[in-house]
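S.K.: Next one to model:
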Amino acid sequence: MKTRITVPFEITGWDQVPYAEQDEGPQLARAAVKKTFAGELSGTSTAELLLCSADDAHAGYIAQERVTGRLADREGTFVMQHGGIVDGEEQRPFGRIVPGSATGALAGLRGNVVFMHDAQGARLQLDYEFV
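M.R.: Below is the predicted model of the structure:
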């Protein structure tokens, strides 16, 4: 049975550089991002993001992120792959824990991840189980 938690996080580092620059079309960038999580998931992460921004209302990203920390009284690391599309007012986030990526006492961790940024702040929703 999966457990759902929602934990706040803080972005502690953001190093973004453009790539494939062109005169027309969307802006493409790569970012190295660091985060700190607090609550039922506590720890830190490092992520590599690819970003596409057409304008203020249309954008997308994909990311690979390694988390080091404590979840369900277990310590270790795991990798998430996640992303999202913004199409006007509609947001479509998606993400998964990479199967087999968890180490230490987190070995066997699987699940879905959704990153949210809104009036309630920056949060990660994690639906997980150990198999």
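S.K.: For residue 37, list the residues it contacts.
M.R.: 7-9, 43-45, 67, 69, 124 (CB atoms under 8 Å, 6 or more residues apart in numbering). Placement of C-beta: from N, CA and C, glycine included.
S.K.: swap the cut-off to 6 Å and go again
M.R.: Residue 37 is in contact with 7, 9, 43, counting by CB atoms under 6 Å, 6 or more residues apart in numbering.
S.K.: what number of residues lie near the last one?
M.R.: Residues contacting residue 43 under the criterion other CB atoms under 10 Å number 19.
S.K.: separation between residue 44 and residue 68?
M.R.: Using CB to CB, to the nearest Å, residue 44 is found at 6 Å from residue 68.
S.K.: how about the strands in this protein?
M.R.: For the chain, the strands defined by DSSP state E cover 3-18, 27-37, 41-55, 58-71, 74-87, 90-97, 109-118, 121-130.
S.K.: List the buried residues in the shortest one.
M.R.: Applying a neighbour-count criterion of 16 or more other CB atoms under 10 Å, the buried positions in strand 90-97 are 93, 95, 97.
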